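Participant: coords please:
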Amino acid sequence: MENRQKKMAIIASKGTLDMAYPPFILATTAAALGMEVQVFFTFYGLQLLRKSLKHIKISPLANPAMPMPMPMPVLVSAIPGMQSMATAMMKQKIKKHGVASLEDLRTLALEADVRLIACQMTIDLFEFTKSDFIEGIDYGGAATFLEFASEADITLFV
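Facilitator: Numbers count the residues shown, from 1 in each chain. This next block holds a predicted model:
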């Protein structure tokens, strides 16, 4: 029996702060465990490959499981400024507990040879250019990712 390297394929389709962490944490952990990893960033997940991540926010609206200092009804979540406040609170909590920043996790992924693939169709759809994105990533369509995913031991959609 051949002893081959395990593979993990991840589809990152969301671009909010709370949904940005799972693909990077899972990818870097899998790479540290010796797996070959590819992450396909499509639709709003493509935001995570842009040069600046300052636009990445979290919304308390329609996120009832979000732990807040006090329960927050949906109506309060819709008040202007609540998204910025929730984002600031979450970033403060991340820093306080020593959790790596998104920028650090993204750099770590590249250093660990995680292949980060930007969906070309989404780039075209939203009229981005390659200059909008960080260095070191690949560009491709679904077929590029599916070729790898078809042989993956673990495939995740986050």
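Participant: which residues does Thr29 contact?
Facilitator: Neighbour list for Thr29: empty [criterion: CB atoms under 8 Å, 6 or more residues apart in numbering]. C-betas here are computed from N, CA, C, even on glycine.
Participant: Could you check which helix or strand contains it?
Facilitator: helix 17-32 (DSSP states H and E).
Participant: per-residue confidence averaged over that helix?
Facilitator: Averaged over helix 17-32, pLDDT sits at 95.
Participant: Mind listing what's buried along that helix?
Facilitator: Using 16 or more other CB atoms under 10 Å as the burial criterion, the residues of helix 17-32 that qualify are 17-21, 23-28, 30-31.
Participant: Looking at those, which one is closest to Ser150?
Facilitator: Among the buried residues of helix 17-32, Ala30 lies closest to Ser150 (CB to CB), at 17.5 Å.
Participant: Give the burial count for the nearest residue to that closest one once chain neighbours are set aside, as a bare number.
Facilitator: Sequence neighbours aside, Met8 is the residue nearest to Ala30 in space, at 4.4 Å (criterion: CB to CB, 6 or more residues apart in numbering). When neighbours are defined as other CB atoms under 10 Å, Met8 has 23 of them.
Participant: Can you tell me the SS state at Met8?
Facilitator: Classification of Met8 by DSSP: H, G, I helix; E, B strand; the rest coil places it in strand.
Participant: Look up which residues are beta-bridged to it.
Facilitator: In this entry, Met8 is beta-bridged to Val37, Ile154, by DSSP bridges.
Participant: would you list every one of the helices in the protein?
Facilitator: Under the criterion DSSP state H, the chain contains helices at 17-32, 74-77, 82-96, 102-111, 120-125, 142-149.
Participant: Could you tell me the least trusted of these?
Facilitator: Comparing mean pLDDT across the helices of the chain, the lowest value falls on helix 74-77: a mean of 56.
Participant: Cool, thanks, talk later.
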